[in-house]
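Trainee: below are the sequence and a predicted model for it; my questions follow.
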Amino acid sequence: MQHSIILRAAWALTICLVVVAAAFAWATNQRERLVAAAAASPPSTTAAGASPDGPAVQDPEARRAVVTATWEKRCAKCHEAEEMAEWLATQEGDKEAALAAFLAQHGKSSAEENQLFAAWFAAGESL
C-alpha cells in the first residue's frame, strides 16, 4: 500500500516540476519578444549625449564623467561595465535601440539615463 502513495507523490512532483519548467520557458520567451519588439521601435528623440541633469554634453571627458557617475549611481552595485559590451555583442540590428529597450525594462534609471548608457556603450565606449 505504501508504494502506491510514494508512486503518486513522485508523479505529482514530476508533473509539478514539468509545469514550472514550462512556465519559466514561456515567461522567458515572452520577455525576449518584448525586448525585441521594443528594440524594433524607433529610438526616442533624446540627444545621444544628453545628461540626466541637463543639456547635451559635447566634451568627451565631461561626457565620460557623466556616464561614469551615472553608472556608479545606478549600476555598479550589481554589474560590471564589461557586461554591457558582452551583452551588446549578442544583439543583432540596432544595438543602441536594443540596449535602450532592455534598460527601460531592467532598472530604475530614467529614460535619459537609459539613452545615455545606450549611446555610450553602443558606440563601443567603456568605463
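Mentor: Nice, I can see it. Because the structure is predicted, anything quoted here is derived from the model rather than measured.

Trainee: Arg74 reaches Glu112, doesn't it?
Mentor: No - in this structure Arg74 lies outside contact range of Glu112 using CB atoms under 8 Å: 11.6 Å. (Glycine included, C-beta is placed from N, CA and C.)

Trainee: so what's the backbone phi/psi at Glu80?
Mentor: phi -100, psi 150 (degrees, to the nearest 10).

Trainee: and the helix or strand harbouring Trp87, what's buried?
Mentor: In the assignment (DSSP states H and E), Trp87 maps to helix 82-89. Residues of helix 82-89 classed as buried: 84, 88 (neighbour count, 16 or more other CB atoms under 10 Å).

Trainee: pLDDT of the next helix or strand after that helix, averaged?
Mentor: Following helix 82-89 in sequence order, the next helix or strand is helix 95-106 (DSSP H and E). Averaging pLDDT along helix 95-106 yields 87.

Trainee: helix 95-106 - contacts with which helices or strands?
Mentor: Contacts defined by 3 or more CB pairs under 8 Å, 6 or more residues apart in numbering; DSSP states H and E place helix 95-106 against helix 2-40, helix 82-89, helix 111-122.

Trainee: and these, which is most packed in?
Mentor: Most buried of the helices and strands packed on helix 95-106, by mean neighbour count (mean count of other CB atoms under 10 Å): helix 111-122, with a mean of 22.

Trainee: what pLDDT, on average, does it get?
Mentor: Mean pLDDT, helix 111-122: 87.

Trainee: render the CA-only coordinates of it in PDB, please.
Mentor: Taking Å, rounded to 0.1, in the frame of the first residue of the first chain, the C-alpha atoms of helix 111-122 are listed here in PDB:
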ATOM      1  CA  ALA A 111      14.700  57.400 -19.800                       C
ATOM      2  CA  GLU A 112      17.500  60.000 -20.200                       C
ATOM      3  CA  GLU A 113      20.000  57.800 -18.300                       C
ATOM      4  CA  ASN A 114      19.000  54.800 -20.300                       C
ATOM      5  CA  GLN A 115      19.600  56.700 -23.600                       C
ATOM      6  CA  LEU A 116      22.900  58.000 -22.200                       C
ATOM      7  CA  PHE A 117      24.100  54.400 -21.500                       C
ATOM      8  CA  ALA A 118      22.700  53.100 -24.700                       C
ATOM      9  CA  ALA A 119      24.500  55.700 -26.800                       C
ATOM     10  CA  TRP A 120      27.700  55.300 -24.800                       C
ATOM     11  CA  PHE A 121      28.000  51.500 -24.900                       C
ATOM     12  CA  ALA A 122      26.600  51.200 -28.500                       C
END
